[in-house]
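Enquirer: Just a sequence and a predicted model for now, questions to come.
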Amino acid sequence: MQKNVPSYSGTLRNHQIEVPACIAQCSGIRIFGRRIKSLVFSTDVAIIKNVNADAIIAVYPFTPQPSIAQAIINVSDVPVFVGVGGGTTNGPRSVRLAAYAEHQGAFGVVVNAPLADETIHQIKGIVDIPVIATVVSAKMDVARRITFGADILNVSGAAETPAIVRSIREKFPLIPIIATGGPTEETILATIEAGANAITYTPPTNGELFAESMRKYRATYTD
């Protein structure tokens, strides 16, 4: 029997971004008592403040900076998982960033694929928040990542994501898996069926959303 879920959205906030409803079908991952099913991939504070996801995954293609992490944590109403390196940033710097992120209030730290296993081990030795290791290919040594301290896997393999998730789930039935769901409900459901516990959703950009609003405004002045 389907439960009735009462809803209130107000007047000024009734146009917030909503993650695809089908994400609710995954199991979720319980972290510090919070059950997280949907994560939004964004560092845009306007998006972060106006989305209904369970959490934020804040990673970006620059050297991680504590001031950026603090701004996002301050504005977010939900848990934030902070990127601490893996590409140009690695080694002791990533370890220090992870420790600082925990002090700032991050719910977890995300490390990208190039980060050394030994650095994951060092991070795990000093923080009490989960270490989330990104997996981008089926060829990565996932077992080694887990052995060195990865608590959660974050699968981001583009079109290959469901296949990677399925392979990991067969070998490690209990490891928590976050995965990118792709652009459609079908791809999201395929990723959940493959074994993902939580889904990362990339929302429209601020520019895309504003462009749609501007089209509507212009239409009111068209004869």
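Expert: Nice, I can see it.
Enquirer: quick one: low-confidence ranges for the chain?
Expert: Along the chain, segments meeting pLDDT under 70 span 1-2, 12-14, 223.
Enquirer: Geometrically speaking, which residue is the centre of the protein?
Expert: The centre of the chain sits closest to Ile57, judged by C-alpha atoms, centre = their mean, with a distance of 3.5 Å.
Enquirer: Who is it paired with across the strands?
Expert: Beta-bridge partners of Ile57, counted by DSSP bridges, are Phe41, Phe81.
Enquirer: what about the nearest residue to Gly86 once chain neighbours are set aside, how many residues close to it?
Expert: Of all residues not flanking Gly86 in the chain, Asn112 sits nearest, at 2.7 Å (C-beta to C-beta, 6 or more residues apart in numbering). C-beta: built from backbone N, CA, C; applies to glycine. Neighbourhood size, Asn112 [other C-beta atoms under 10 Å]: 21.
Enquirer: Touching, Asn112 and Thr134? I think so.
Expert: Yes - here Asn112 reaches Thr134: they are 5.0 Å apart, a contact under C-beta atoms under 8 Å.
Enquirer: Quickly list what's touching both of the two.
Expert: Common contact partners of Asn112 and Thr134 (C-beta atoms under 8 Å, 6 or more residues apart in numbering): Gly86.
Enquirer: Do I have it right that Val80 meets Glu102?
Expert: No - Val80 sits out of contact with Glu102 when judged by C-beta under 8 Å, with a separation of 11.6 Å.
Enquirer: neighbour-wise, which of these two wins?
Expert: Legend: neighbour count by other C-beta under 10 Å for Val80 and Glu102, higher for Val80 (23 against 18).
Enquirer: Does Lys3 fall in a helix, a strand, or a coil region?
Expert: With DSSP: H, G, I helix; E, B strand; the rest coil as the basis, Lys3 sits in coil.
Enquirer: Much appreciated, bye for now.
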